[in-house]
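[1] Below: sequence and its predicted model.
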Amino acid sequence: MSIEKVVIVGSGQAGVECAAALRHNGFAGSVIVLGDEPDLPYQRPPLSKEFLKSPTDSSLPLKGEAFYGQHAIDLRLGVVAERIERDARQLLLAGGERLAYDHLVLATGARNRFPPVKGLDPCGVMELRTLAHARAMTARLDRLRHVTIIGGGFIGLEVAALLRQRDIAVDVLEAADRLMGRVLSPLMSDAFVPIHEQMGTRLRLATVATEVAGRSVVLSDGETLDTDAVVVAAGVVPNSELAAEAGLDVANGVVVNDRLLTSDPSISAIGDCAAHPNPWGIGTIRLESVQNAVDQGKCVAARLTGNDQSYDALPWFWSHQGAAKLQIAGLAMGMDDAVMRGDPSTGKFSVFVYRKGRLIAVESVSSPADHMVARRVLAARQSIPKEIAVDLSVDLKTLVPKPAA
């Protein structure tokens, strides 16, 4: 059937990018974007970076408000989708409205995961996922002297670095035996320990909170912390309930094929909620990054406008933790070796990550040139031998594949 009406559930980076790409590709039908938050669609990464330093909403919007009207994108904010009626190709909204679609795009994102800790009340702790969360956190900063952060991933460590800049004491609790273990090589995880310790952050690895009671946080090692606030940054859970209730395949996200189609050919899923086969990883994975959201939005828009192709964009990420600017190209999944280029004590270095002798990822700190070389080499399906990667006398830019004539 011809597609004349596309409904996108989710007004984050993936959903907005899909809508914009549809118009860019010449789609002339109806495009409706539903967002459950009241704010104009905004960037999430700055919430744990620039926003906490200097809270202002002006630099956050993904697009200016006029963009949506100029491109005939029907943006509906503060709207919750309650049920998908697949046989009728309709979406039931809170309040009873039924919205028909020819193709439905699920860009429902994810929410923070709350670990099973006795006394941990979601209403009584701070978290950082939405603009509302960021506003609530910034409103409390001046009254805080000590903060306990549950989770030593990107968000937890970014917040820790910003709190230390305000001379707020911080304890970071990480259940694993290393920082950012889900995404980084052990070499890079180890390199970030002194970075945060030099900021004055107390890192407690292989440690969890067992109970939160008022201003007290009881730890698994028996110690009790006296704290002004608890920040939960223990990963996220994909918002896949809408898909599951509609009978779509769900497993750590909405399961899609290499075209980002769900088990229903009239429904796609993109962004943080989509579990997809990724040629850069192993098996079906779910990525939480701006790059993935943008590129998946564009991939679905291309398919709906006649350019059907598999999703194979190179993953890349970034994180700002104090003076350390971390950039990652590729995925370290299944790695069996890694080598260091440069000296971590200088604050500028990279880790080259390998699987069976082949380069699969490069993690760089304050080394943008290494990162850009890595992205181009990996995207070209090329590799860099370990002995070359560690040799500082070699200009890595000379290894970048030349574009085809």
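    It's in. Numbering: from 1, shown residues only.
[2] Going by C-alpha atoms from here, please, whenever you check contacts or count neighbours.
    Will do.
[3] In the lowest-mean-pLDDT helix or strand in the chain, which residues are buried?
    Every helix and strand of the chain was ranked by mean pLDDT, DSSP states H and E. The lowest is helix 50-53, at a mean of 75. Of the residues in helix 50-53, 51-52 count as buried by neighbour count, 16 or more other Cα atoms under 10 Å.
[4] now swap in stretch 381-398 and tell me
    Those buried within stretch 381-398 under the rule 16+ other Cα under 10 Å are 383-384, 386, 389-390, 396.
[5] farthest pair in the residues you listed?
    Distance extremes for those: the farthest pair is Ser383 and Val390 at 13.6 Å, using Cα to Cα.
[6] what touches both of these two?
    Contact criterion Cα atoms under 8 Å, 6 or more residues apart in numbering; residues shared by Ser383 and Val390: none found.
[7] dump the residue contacts of the nearest residue to Lys5 once chain neighbours are set aside.
    Of all residues not flanking Lys5 in the chain, Ser30 sits nearest, at 4.6 Å (Cα to Cα, 6 or more residues apart in numbering). Under the criterion of Cα under 8 Å, 6+ apart, the neighbours of Ser30 are 4-6, 72-74.
[8] Check Arg44 too.
    60, 129-131.
[9] Also Leu205?
    By Cα under 8 Å, 6+ apart, the neighbours of Leu205 are 173-179.
[10] Also Ser216?
    224-227.
[11] Could you export these as TSV, including secondary structure, distance to Gly96 and neighbour count?
    Shown next, in TSV, are those (DSSP: H, G, I helix; E, B strand; the rest coil; distance: Cα to Cα, whole Å; neighbours: other Cα atoms under 10 Å):
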residue	secondary structure	distance to Gly96	neighbour count
Thr224	strand	49	16
Leu225	strand	48	17
Asp226	strand	47	14
Thr227	coil	45	18
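[12] Reformat those as CSV; add distance to Gly153.
    CSV is the format used below for the contacts of Ser216 (distance: Cα to Cα, whole Å):
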residue, distance to Gly153
Thr224, 22
Leu225, 21
Asp226, 23
Thr227, 20
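[13] Redo those as JSON lines? Include distance to Gly253 and pLDDT.
    Below are these laid out as JSON lines (distance: Cα to Cα, whole Å; pLDDT from 0 to 100):
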{"residue": "Thr224", "distance to Gly253": "36", "pLDDT": "98"}
{"residue": "Leu225", "distance to Gly253": "35", "pLDDT": "98"}
{"residue": "Asp226", "distance to Gly253": "37", "pLDDT": "97"}
{"residue": "Thr227", "distance to Gly253": "34", "pLDDT": "98"}
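[14] With respect to Thr305, which of those is nearest?
    Lowest distance from Thr305 to these (Cα to Cα) belongs to Thr227, with 53.8 Å.
[15] ok, Val7 - contacts?
    Applying Cα under 8 Å, 6+ apart to Val7 gives the contacts 31-34, 101-105.
[16] could you redo the last one with a cut-off of 10 Å?
    When contacts are counted by Cα atoms under 10 Å, 6 or more residues apart in numbering, Val7 touches 15, 19, 30-34, 74, 90-91, 99-106, 267.
[17] can you tell me which of these are in strands?
    Members of those lying in strands (criterion: DSSP state E): 30-34, 74, 90-91, 99-100, 103-106, 267.
[18] Pull the most distant pair out of these.
    Farthest apart among these by Cα to Cα are Asp74 and Ile267. That separation is 19.0 Å.
[19] between these two, which one's more packed in?
    Counted by other Cα atoms under 10 Å, Asp74 and Ile267 do not tie: Ile267 has more neighbours, with 23 against 15.
[20] ok, the more buried one - contacts?
    Here Ile267 is in contact with 6-8, 86, 89, 101-106, 243, 248, 256, 260-261 (Cα under 10 Å, 6+ apart).
[21] Please check the contacts of Val7 and keep the buried ones.
    Using 16+ other Cα under 10 Å as the burial test, those include 15, 19, 30-34, 90-91, 100-106, 267 as buried.
[22] that older thread, show me what the least confident helix or strand of the chain is packed up against.
    The helices and strands touching helix 50-53, judged by 3 or more Cα pairs under 10 Å, 6 or more residues apart in numbering; DSSP states H and E, are helix 131-140, helix 154-165.
[23] Now the most centrally placed residue in the chain. Its backbone dihedrals?
    By Cα atoms, centre = their mean, the mean C-alpha position of the chain lies nearest to Glu288, the distance being 2.9 Å. Note on Glu288: backbone dihedrals following degrees, to the nearest 10 are phi -120, psi 90.
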